[in-house]
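[1] need the 3D shape of this:
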Amino acid sequence: MPVGNVLTLPIQPGQVELTPGGTREPAFDDDAAGTIAWMDYQRDMAYIDQNSWLMEWQYVDYLYQSPNYDRDWRVQPNRAARISRFNVAKNTRTMATQTKRAIFAEENFFLLEPRGKIAGDPKAQLYMDAWTELFLVLCERADFEYQLGLFADCMALQGTAIAVPKWEERTTIRKTRKRREPPVEIKMPLKKVKVNTWASDNYKVIEEEVTECWPTFEYRRLGTTLYDAGWRTPNRPDLSAKHRVDIDYVDLEDLQQMRELDCYKDIPGDDDLKKFFLSSPLGDAPAGTQTAQNMNTNSSVVMHAEGEQRQVSTNPFKRPFMKIACWTQGRVVEQLWYEGRRKVIRNEEHNDCGHALGYSGVWYPIDNSGYGFGIGRLNAGDQRINQGVLNEALKMIAFPLNAPILYDATAGNAPTQNVVPNLGTFLAVHTGRQGDVRKALGFMEMPQIPAEVWKLIQIAVEGGEDLVGANAATMQGQLTGPRSSMGRTATGAERLANKADENVAEPVKQLETVIKRWLEYLWDKVLEDMPVREIREILSARFGETIVDQIDPETLQNAEFSIKILAGQKLAAKAAIAQLIPFLLQLVQQPQLLQFLHQIGDTVNFRAIVKLFLQVSELAGREDLITKLTPQQQQMVAQQQPGVAMAQAHMAVEKQKGQNKLAEVQAKGAADLQNTIVDKGMERLAGDLPLELAESRLARNTDMDFLQGGLPR
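    Sure thing, here's the model as predicted:
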């Protein structure tokens, strides 16, 4: 492995180049860039670790899993059991699920509207459909729905979530199956028939290497991506943060793949890497922030996976190495940390301006801070009240099972230790003067549980739900008491639905911002890095080969459009649309309206109405309700229409009249021709031709007729 860079301060003038006018960020050499990146990492790590207790991330993590802190009650006698309560977990899952459902309620979770020059193009919608398909395919490659789900879960629980976009080219293997031998063709009287045989059913796999563009929307756990202490704009780190530091871990395979990319340098060859990994096959990498360590297996209180820095396999090539990447708006510096050395392997400009600092989302924002707090912190006190009061009440309820025993000391009873009597055991008791065993020994009276205990537990549960919007009425549809009839009316049900939507409206808005910026990132990357060949392949797979002839690649890449996220359709606006549809149907079905529209050259797009129905109904998978007529169906429809039938009958009559007239003309022409021939023949016979010549011609014609009948056998 190469020798690491020299990390020293101060930075000398010869180690940096400035751009006149400040149009670009200063370019430092590797030693200076590595020094700055390492120092920024240390400062950011100290800031987040020192202030993580204020955010209570580890505390919330404990409450979410609600561990049993005193497990020794199972093995020690006379210890009361403690039970767990899961208010934080329940309310977090309720609100996170509702938020994700709002985002991905539609088949397409976004809408593109043309603007600029393409807005007036008759094919504008075709180009919007093409861009929509490109975005959907790239989101599928990035596993966007799953990653955004993790993002939303963390935002709901901890209050802050972070994600970063990435773009790379991958060489993938496409496999197709082809027959080894074609089917046998058999000639039948009417047509040729293909018959499958054992040989023709034998296929071979054909592999083809294809280079494709693969984006990544990577959810980052808290403590693995750091921002500088000056980040103060929630949901928009690009507006105030100076840099972003990513802490990752790589192994041999990762280093090999990185070496093939042009952006990395000074990564040794396979022989040197193999020798290095085999020389020290086992060992963990340096740990990152304490914040990240608090939420892995290093914490023994709750369940988590091992830390990324731990070597979890005995395979020597799976030994991890720390990689630190420091991103600014214009440059990126990456360095490896191994064997106490730090080596810069990337130091260059990048083209991710506007997206280099990643994306963030908060549940409840904090003034003058990029971080926020979530349901875990909001419901922490309510869960502690619920769990603490309930466990104390259970102790009092269990009191008679292990109640203290009172005895009469004046009667001479002096037990020296606890006795666990078995069945049939004889115990001697001094009854004293009274002579009554029940008065000499007795259980202590059970204390009464105050009625306020159960009320307090109910207040803690319902108050926590109301605080975060996860109450049973709006989110679970459970109405009790005097409000139970509210959901039976349309107005009441609508008010409940609107209230449920209001509870997640602000978090959904934060996610809309993240999604919109993500799609803008894909837009930039498609224009900059995706070849036209791959664009054609994606569009052809969706729309067929005809898309190549209908879409101009230059117009497609220069198209301007606005991006709108359809999450709002799931909220109150969707209920308004559902109420509007019946009135819309009554309006478009008016014959006078259709007649007027036809007179001015317009009509009603019933396909759009059907599509609107399906969107409101939230049907994810559906067949096309409107399709093209087959030729047989077109013929049947034409026959069933009276006007068309009358027109066809009229055309048939006119056609027959034409045929009769033509036959009459042809018959008259044939007769006229025959009369003309006879007249001409008579004229020749009556003229100067000798009779012998006529007889000879008659004989010749007779012979010709005989020969045409065939020679005699």
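[2] going along the chain, name the helices of the stretch 201-350 of the chain.
    252-259, 270-279, 290-293 (DSSP state H, counting those that start in this stretch).
[3] would you map out the domains in the protein?
    Following automatic domain parsing, one gets these domains for the chain: 245-351, 404-417+426-445, 574-627, 645-708.
[4] okay, the helices of the stretch 201-350 of the chain, which one's buried deepest?
    Sort those by mean neighbour count, taking mean count of other Cβ atoms under 10 Å, and helix 290-293 sits at the top with a mean of 20. Heads up, the C-betas are built off the backbone N, CA and C, glycines and all.
[5] rank the helices of the stretch 201-350 of the chain by mean pLDDT and give me the bottom one.
    Of all the helices of the stretch 201-350 of the chain, the minimum mean pLDDT falls on helix 290-293 (a mean of 89).
[6] tell me what that helix is packed against?
    If contacts are counted by 3 or more Cβ pairs under 8 Å, 6 or more residues apart in numbering; DSSP states H and E, helix 290-293 sits against helix 30-55.
[7] for the helix it packs on, packing partners?
    Looks like helix 30-55 contacts strand 225-227, strand 244-250, helix 290-293, strand 321-327, strand 331-338, strand 341-349 (3+ Cβ pairs under 8 Å, 6+ apart).
[8] show me how far stretch 651-662 is from its chain's centre.
    Centre-to-centre, stretch 651-662 and its host chain are 66 Å apart (Cα atoms, centre = their mean, to the nearest Å).
[9] got the contact list for it?
    Stretch 651-662 has contacts (Cβ atoms under 8 Å, 6 or more residues apart in numbering) with no other residue.
[10] longest strand in the chain, please.
    Criterion DSSP state E: the longest strand present in the chain is strand 160-179.
[11] returning to that earlier point: now distance to Asn422 too, for the helices of the stretch 201-350 of the chain, in a markdown table please.
    Listed next are those as a markdown table, based on distance: least, Cβ to Cβ, whole Å:
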| stretch | distance to Asn422 |
| --- | --- |
| helix 252-259 | 66 |
| helix 270-279 | 65 |
| helix 290-293 | 52 |
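[12] Phe456 and Leu390 touch, don't they?
    Wrong residue type there; residue 456 is Leu, not Phe. No. Leu456 lies out of contact with Leu390 (Cβ atoms under 8 Å); the separation is 9.5 Å.
[13] picking up where we left off before, mind listing what's buried along the longest strand of the chain?
    Buried residues in strand 160-179, counted by 16 or more other Cβ atoms under 10 Å: 160-165, 167.
[14] and that strand, C-alpha only, in PDB?
    Only the C-alpha atoms of strand 160-179 are listed here, as PDB (Å, rounded to 0.1, in the frame of the first residue of the first chain):
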ATOM      1  CA  THR A 160     -33.900  14.100  11.300                       C
ATOM      2  CA  ALA A 161     -33.100  12.000   8.200                       C
ATOM      3  CA  ILE A 162     -30.200  12.400   5.700                       C
ATOM      4  CA  ALA A 163     -29.800  11.000   2.200                       C
ATOM      5  CA  VAL A 164     -27.200  11.500  -0.600                       C
ATOM      6  CA  PRO A 165     -27.600  11.100  -4.400                       C
ATOM      7  CA  LYS A 166     -25.000   9.200  -6.400                       C
ATOM      8  CA  TRP A 167     -24.500   8.300 -10.100                       C
ATOM      9  CA  GLU A 168     -22.400   5.600 -11.700                       C
ATOM     10  CA  GLU A 169     -22.100   3.500 -14.800                       C
ATOM     11  CA  ARG A 170     -22.500  -0.300 -14.400                       C
ATOM     12  CA  THR A 171     -21.700  -3.100 -16.700                       C
ATOM     13  CA  THR A 172     -24.600  -5.500 -16.400                       C
ATOM     14  CA  ILE A 173     -25.200  -8.900 -18.000                       C
ATOM     15  CA  ARG A 174     -28.400  -9.300 -20.000                       C
ATOM     16  CA  LYS A 175     -29.500 -12.900 -20.500                       C
ATOM     17  CA  THR A 176     -31.800 -14.000 -23.300                       C
ATOM     18  CA  ARG A 177     -32.900 -17.500 -24.300                       C
ATOM     19  CA  LYS A 178     -32.700 -18.700 -27.900                       C
ATOM     20  CA  ARG A 179     -33.700 -22.000 -29.500                       C
END
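[15] helices of the stretch 401-550 of the chain, start to end?
    Using DSSP H, counting those that start in this stretch, the helices found in the stretch 401-550 of the chain span residues 437-440, 452-468, 472-475, 490-529, 532-543, 546-550.
[16] which secondary structure elements does the fifth one contact?
    The contact analysis (3+ Cβ pairs under 8 Å, 6+ apart) places helix 532-543 against helix 124-141, helix 546-550, helix 553-557.
[17] quick one: which of the helices of the stretch 401-550 of the chain is nearest Pro582?
    helix 490-529 (12.9 Å; Cβ to Cβ).
[18] for that closest one, the averaged confidence score.
    So the average pLDDT for helix 490-529 ends up being 79.
[19] quick check: Trp122 is in a strand.
    For the record, residue 122 is Pro, not Trp. No. According to DSSP: H, G, I helix; E, B strand; the rest coil, Pro122 belongs to no strand; its state is coil.
[20] so Arg141 touches Trp214, yeah?
    Yes. In terms of Cβ under 8 Å, Arg141 counts as a neighbour of Trp214; the distance is 5.1 Å.
[21] what do these two both touch?
    Applying Cβ under 8 Å, 6+ apart, one finds that no residue jointly contacts Arg141 and Trp214.
[22] tally of neighbours for Thr555?
    Around Thr555 there are 14 other residues, counting by other Cβ atoms under 10 Å.
[23] which residues touch Glu348?
    Contacts of Glu348 by Cβ under 8 Å, 6+ apart are 263, 331-332.
[24] filter those to the buried ones?
    Applying 16+ other Cβ under 10 Å to those flags 331-332 as buried.
[25] take the contacts of Glu348 and write them to TSV, including distance to Ile186 and pLDDT.
    Converted to TSV, these look like this (distance: Cβ to Cβ, whole Å; pLDDT from 0 to 100):
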residue	distance to Ile186	pLDDT
Cys263	60	90
Arg331	70	94
Val332	66	95
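[26] and the contacts of Glu348, which is closest to Ser279?
    Closest to Ser279 out of the contacts of Glu348 is Cys263 (28.0 Å), distances taken as Cβ to Cβ.
[27] ok, the closest one touching Ile345?
    No. Using Cβ under 8 Å, Cys263 is not in contact with Ile345; the gap is 9.1 Å.
[28] just to revisit the earlier point, and which of the contacts of Glu348 is nearest Leu527?
    Nearest to Leu527 among the contacts of Glu348, with distances taken as Cβ to Cβ, is Cys263, at 19.7 Å.
[29] give the burial count for the closest residue to Arg170 other than its chain neighbours, as a bare number.
    Sequence neighbours aside, Trp214 is the residue nearest to Arg170 in space, at 4.8 Å (criterion: Cβ to Cβ, 6 or more residues apart in numbering). By the criterion of other Cβ under 10 Å, Trp214 has 13 neighbours.
[30] show me the shaky parts of the stretch 201-350 of the chain.
    297-300 (pLDDT under 70).
[31] what is the longest strand of the chain packed up against?
    helix 144-158, strand 203-220, strand 359-362, helix 490-529.
[32] can I get the ones you listed in JSON lines with distance to Ala33?
    JSON lines is the format used below for these (distance: least, Cβ to Cβ, whole Å):
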{"stretch": "helix 144-158", "distance to Ala33": "30"}
{"stretch": "strand 203-220", "distance to Ala33": "23"}
{"stretch": "strand 359-362", "distance to Ala33": "25"}
{"stretch": "helix 490-529", "distance to Ala33": "24"}
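[33] and Lys318, which of those is closest to it?
    Lys318 sits nearest to strand 203-220 of all those, at 20.7 Å, using Cβ to Cβ.
[34] given that closest one, what are its sheet partners and their directions?
    Strand 203-220 has the following sheet partners, assigned by DSSP bridges: strand 160-179 (antiparallel).
[35] mean confidence (pLDDT) on the strand it pairs with, please.
    91.
[36] nearest residue to Gln58 in space, please, no chain neighbours.
    Counting by Cβ to Cβ, 6+ apart, Gln58 lies nearest to Asn294, which is 4.3 Å off, once chain neighbours are set aside.
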